[in-house]
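Asks: Below are the sequence and a predicted model; questions follow.
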Amino acid sequence: MVFLPILVFIFHRVKKHYDAVGNQLRITTCEPVKPIEGNVIIVPVAGITHVVENSLNYAKSLNADQIIAVYVSFERKDEKTFEQKWEKWQPDIRLVTLHSYYRSIIQPLSKFIDTVEHKADESNYRVTVLIPQFIPKKRWHYILHNQSSLLIRAVLLYRKDVVVTTVPYHLKE
């Protein structure tokens with residue numbers, strides 16, 4: 001006796017949700033949306049690897065106005081070493097090095113993306129975060145890797161004006 005009214009209420013709420021989503025997605029006017037003027041691509045990097053190289057090549061193929069590689073270091077001495085290696089390896093791509101006192105990648109990266117997003121919004125640019133990720137050959141190996149990329153994606157997923165893209169690099173062994 002109690003179950004039926006609860007079930008009807010749940011179905012009513014589900015229908016109301018679908019109606020609200022439909023209203024938000026439906027185009028009701030013929031006014032064109034202001035086009036995006038350009039794109040700034042941010043590529044979080046953890047090192048100089050084939051995975052990063054694959055992602056940077058993809059970023060270059062998108063003809064972005066600006067590509068920024070972001071490295072989060074935990075030790076000050078690692079920053080200088082990485083910057084020197086980067087300058088030799090990818091001199092045409094700007095590297096921004098962030099320092100994390102608490103060994104957190106998410107907080108400094110989020111703050112940096114906030115800053116870039118604010119500046120990009122002023123120029124009607126879109127921010128795209130390309131997340132390099134390698135895909136192991138065996139599926140069960142996946143749980144041993146890629147936790148950082150999952151966290152970054154989860155944090156950025158609900159950002160309104162940030163496009164999040166994963167660039168896979170498939171391992172052969």
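Replies: Right, received. Where do you want to start?

Asks: Any figure for the gap between the residue lying closest to residue 34 once chain neighbours are set aside and residue 35?
Replies: Spatial nearest neighbour of residue 34, chain neighbours left out: residue 124 (6.8 Å); criterion: C-beta to C-beta, 6 or more residues apart in numbering. C-betas here are computed from N, CA, C, even on glycine. Residue 124 sits 8 Å away from residue 35, going by C-beta to C-beta, to the nearest Å.

Asks: between those two, who's got more neighbours?
Replies: More neighbours surround residue 124 than the other of residue 124 and residue 35, with 11 against 6 (other C-beta atoms under 10 Å).

Asks: Residue 173 contacts residue 137, correct?
Replies: Yes. The criterion here is C-beta atoms under 8 Å, and residue 173 meets it with residue 137 at 6.0 Å.

Asks: Those two: which is more packed in?
Replies: residue 137 (9 against 5).

Asks: Would you map the helices across this structure?
Replies: Applying DSSP state H to the chain gives helices spanning 3-25, 50-61, 76-89, 106-122, 147-156.

Asks: Can you check which residues contact both of residue 173 and residue 137?
Replies: Counting by C-beta atoms under 8 Å, 6 or more residues apart in numbering, residue 173 and residue 137 have no contacts in common.

Asks: Just list the residues touching the residue nearest to residue 34, thanks.
Replies: Counted by C-beta under 8 Å, 6+ apart, residue 124 has contacts 34, 36, 37, 38.

Asks: Could you tell me which residues make contact with the second one?
Replies: Counting by C-beta under 8 Å, 6+ apart, residue 36 makes contact with 124, 125, 126.

Asks: And those, which is closest to residue 51?
Replies: The closest of those to residue 51 turns out to be residue 126 (C-beta to C-beta; 23.9 Å).

Asks: Could you give the bridge partners of that closest one?
Replies: Following DSSP bridges, residue 126 is listed with bridge partners residue 39.

Asks: Give me the distance between it and residue 90.
Replies: Residue 126 is 23 Å from residue 90, by C-beta to C-beta.

Asks: Give me the neighbour count for residue 134.
Replies: By the criterion of other C-beta under 10 Å, residue 134 has 19 neighbours.

Asks: Surely it is in contact with residue 55?
Replies: No. Contact status for residue 134 versus residue 55: not in contact, 10.3 Å apart, counting by C-beta under 8 Å.

Asks: remind me which residues of the protein are low pLDDT?
Replies: Applying pLDDT under 70 to the chain flags the ranges 139, 141-142, 145-146.

Asks: Skip the chain neighbours and tell me the closest residue to residue 168.
Replies: Per C-beta to C-beta, 6+ apart, closest to residue 168 is residue 135, 5.0 Å.

Asks: Thanks a lot, catch you later.
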